[in-house]
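K.L.:
sequence plus predicted model, see below.
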Amino acid sequence: MSLRPHVQKLVERARLLPALSAAMVFPCDSDSLQLALSGSFAGYLAPTLVGPEARIRDVANRAGLDISRLPIVNTPDDPKDAALHAVRLANQGQVAALVKGAMSDGELLAPVAAPESGLRTDSRLSHAAFLDLPGINRWLLLADALLNVTPNLAAKKDIVQNTARLAVALGLAAPNVALLAGMDVLATALPSTSEAAALKSMAIEGLFPGAIVEGPMLPDAALRADDARTNGARNEMAGRADILIAPSLEAAVMVLRTLTGITQGLACGIVLGARVPIIVPARSDSMETRMASCVIASLASAHASVAAKQASAASIVPAAASRAAA
């Protein structure tokens, strides 16, 4: 990852943290096992293989991978069973992240989203892609190019909230959030413009603590101040966006593919909105992309742990004061 300066900085931070305990769910393919071994060797992943032991060992033997030091939780030879078991491990605090193996996204995420899973939060699940793009002096987050196809206003609120929290976990105290649309003014024909204005109003009311939200914005204006000035935009966030919120999954995929295709940049990411970060690599993802996603998940998990401890300590102090007064 030495050619990815923004990812490399996060790798250096992750190496200072305890290894992320992660369930590799149904790792019945060589890429999943290689990721487990590479993350363990690098020191920022403590993997537990969750799936049919005999099949996992057979895959490892065929690929020439030594998994003798990795713990295995044996399950029936069915991805749904492996997912349910991994969700239970996460709910019990035995693992702090989930990593998809040889299964579909839905097979892993359905039990996570189930009301009885224990991993649900008040927010819906969303995906954030981390972009390290040559020629851009900062990293970017883009949402949502994986899960929410045509999000309504309530869904977009959760997407903004999830993604802004991730940006804070990655080191930005006050991330700049650009709400992308096809026009930068209100247009009846484009509902995304009015939804962007509504989200901006929510931000003014304090719904996204720390985040600075602006929109509707055109993608080029969000990324380059020169382009914004050329088009007559006078937005203070022009050229300074840290987070890009697309109006739909289709738009997010097109922005993602265009940016990475033109620059040959790296895009990794995680699923947000559950009590633990979830990594859902695509079959075509390189090992570099998979490893980078694990780094993102490690930093997100560490930040969430610290925030939970601070919240717990804050709740104890008033309780103690109340008892003392009584």
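P.N.:
Perfect, thanks for sending it.
K.L.:
name the nearest residue to S30, ignoring sequence neighbours.
P.N.:
What sits nearest to S30 in space, not counting adjacent residues and going by Cβ to Cβ, 6 or more residues apart in numbering, is A63, at 3.9 Å. For every residue, glycine as well, the C-beta is placed using N, CA and C.
K.L.:
make that V213, sorry
P.N.:
Nearest one to V213, counting by Cβ to Cβ, 6+ apart, is A203 at 3.5 Å.
K.L.:
that neighbour reaches A211, doesn't it?
P.N.:
Yes. Judged on Cβ atoms under 8 Å, A203 makes contact with A211 at a distance of 6.4 Å.
K.L.:
tell me, what's touching the two both at once?
P.N.:
160, 177 (Cβ atoms under 8 Å, 6 or more residues apart in numbering).
K.L.:
about what we covered before: residue contacts, the residue nearest to S30?
P.N.:
Contacts of A63 (Cβ under 8 Å, 6+ apart): 30, 33-34.
K.L.:
now the residue nearest to V213: which helix or strand?
P.N.:
Per DSSP states H and E: A203 is located in helix 191-204.
K.L.:
could you tell me the angle between the helix or strand just after that helix and helix 191-204?
P.N.:
Per DSSP H and E, the first helix or strand lying C-terminal to helix 191-204 is strand 212-217. Angle of strand 212-217 versus helix 191-204, following axes from the mean of the first three to the mean of the last three Cα atoms, to 10 degrees, is 170 degrees.
K.L.:
got any ranges where the stretch 201-326 of the chain has weak pLDDT?
P.N.:
Applying pLDDT under 70 to the stretch 201-326 of the chain picks out residues 227-234, 312, 314-326.
K.L.:
tell me where it has strands.
P.N.:
212-217, 243-245, 266-272, 278-279 (DSSP state E, counting those that start in this stretch).
K.L.:
so who does the nearest residue to L272 once chain neighbours are set aside touch?
P.N.:
Of all residues not flanking L272 in the chain, N162 sits nearest, at 3.9 Å (Cβ to Cβ, 6+ apart). N162 sits next to 123, 126, 128, 143, 272-273 when contact means Cβ under 8 Å, 6+ apart.
K.L.:
need the residues you listed in a markdown table (columns: neighbour count and distance to A154).
P.N.:
Converted to a markdown table, the contacts of N162 look like this (neighbours: other Cβ atoms under 10 Å; distance: Cβ to Cβ, whole Å):
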| residue | neighbour count | distance to A154 |
| --- | --- | --- |
| S123 | 16 | 10 |
| S126 | 24 | 12 |
| A128 | 29 | 18 |
| A143 | 28 | 15 |
| L272 | 27 | 16 |
| G273 | 24 | 13 |
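K.L.:
most packed of the strands of the stretch 201-326 of the chain?
P.N.:
strand 243-245 (a mean of 28; mean count of other Cβ atoms under 10 Å).
K.L.:
and it, what other elements does it pack with?
P.N.:
Contacts defined by 3 or more Cβ pairs under 8 Å, 6 or more residues apart in numbering; DSSP states H and E place strand 243-245 against strand 140-143, helix 153-169, strand 176-180.
K.L.:
what does it contact?
P.N.:
So strand 243-245 is in contact with 140-143, 156, 159-160, 163-164, 167, 175-180, 199, 211, 215, 219, 222, 255, going by Cβ under 8 Å, 6+ apart.
K.L.:
need the contact list for the residue most central in space within the chain.
P.N.:
Residue closest to the mean C-alpha point of the chain, counted by Cα atoms, centre = their mean, is I270 at 2.9 Å. I270 sits next to 127-128, 166, 277-280, 293, 296-297, 300 when contact means Cβ under 8 Å, 6+ apart.
K.L.:
could you verify that S21 is part of a helix?
P.N.:
No. S21: not assigned to a helix; according to DSSP: H, G, I helix; E, B strand; the rest coil it is strand.
K.L.:
please consider this matter closed, and thank you.
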